[in-house]
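Q: Provide a 3D model corresponding to the input given below.
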Amino acid sequence: MLSWRHFRGEIILSCVRWYCKEGISYRDLAEMMLERGLHVDHTTLYRWVQHYAPEMEKRLRWYWKPSMGYSWRVDETYVKVKGEWTYLYRAVDKQGHTIDFYLSPTRNTRAAKRFLGKALKSMKPWAHPGAINTDKAPAYHAAITELKAEGKRPPDTVHRQVKYLNNIIEADGKLKRLINPVRGFKSMKTAYAAIKGFELMRMFKKGQMDIWKSGQGLTGEIRLIERQFGIYSA
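A: Below is the predicted model of the structure:
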């Protein structure tokens, strides 16, 4: 049961949605809310995002997790945390729909294996991909080989190291445009919390959950999120 921190739940969820969808600063969001007659300090908005963005992603996971893998495109991008570059591992299908993501302080075999293992574990064995497409980084080959040896991947899984096959994941540049205005996170924990919200709202934008919105567009998006928290809009 959530206390909603002295504000109505739909207001909190709306603020978290706006921040994660548009990538605006907390101060800009506070000003937007003030124009609507609600005084919320930017630090309060920050706490809301940190608490509720991961919770939104968790509660909606059943809706966005793909039921079939077929072919995965895997790559990573850079995210600055406390002045240092970290690595956001991402996997999408051939339509560009998000399969999974993982933030790591390192870019090596261990990180690649942890990410792929996380993504595979979250899906039923029959939904695992027949092929995983990556760039030519040796870490991916080593990670996939180890997962096969441990029985966590079928031995006939194809690993393609063809750069152009990952164009679809590199073209999903909106995620970087959401992260950039943040101008660096203070810790891995706060970065990952916000990124979970960014990724979730990108899934809505890409139409990944259209089937659950019942043709209601933005209204359907709001209702789907609110109902995961026990809020039932008219």
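
Q: which helices and strands does the helix or strand hosting residue 143 pack with?
A: Following DSSP states H and E, one finds residue 143 within helix 138-149. Applying 3 or more C-beta pairs under 8 Å, 6 or more residues apart in numbering; DSSP states H and E, one finds that helix 138-149 makes contact with helix 109-121, strand 129-134, strand 158-161. (Glycine included, C-beta is placed from N, CA and C.)

Q: Looking at these, which is nearest to residue 190?
A: helix 109-121 (19.3 Å; C-beta to C-beta).

Q: quick one: contacts of that closest one?
A: Here helix 109-121 makes contact (C-beta atoms under 8 Å, 6 or more residues apart in numbering) with 72, 74, 87, 89, 91, 99-100, 102, 104, 128, 132, 137-140, 142-144, 146-147, 152-153.

Q: hmm, 6 Å instead?
A: Contacts of helix 109-121 with the rest of the structure, by C-beta atoms under 6 Å, 6 or more residues apart in numbering, involve 89, 91, 99, 100, 102, 104, 128, 139, 140, 142, 143, 146.

Q: Can you lay out those residues as CSV showing neighbour count?
A: Output for the contacts of helix 109-121, formatted as CSV (neighbours: other C-beta atoms under 10 Å):
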residue, neighbour count
89, 22
91, 26
99, 21
100, 23
102, 20
104, 19
128, 18
139, 18
140, 24
142, 15
143, 26
146, 17
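
Q: and which of these is nearest residue 51?
A: Of the contacts of helix 109-121, the one sitting nearest to residue 51 (C-beta to C-beta) turns out to be residue 102, at 20.7 Å.
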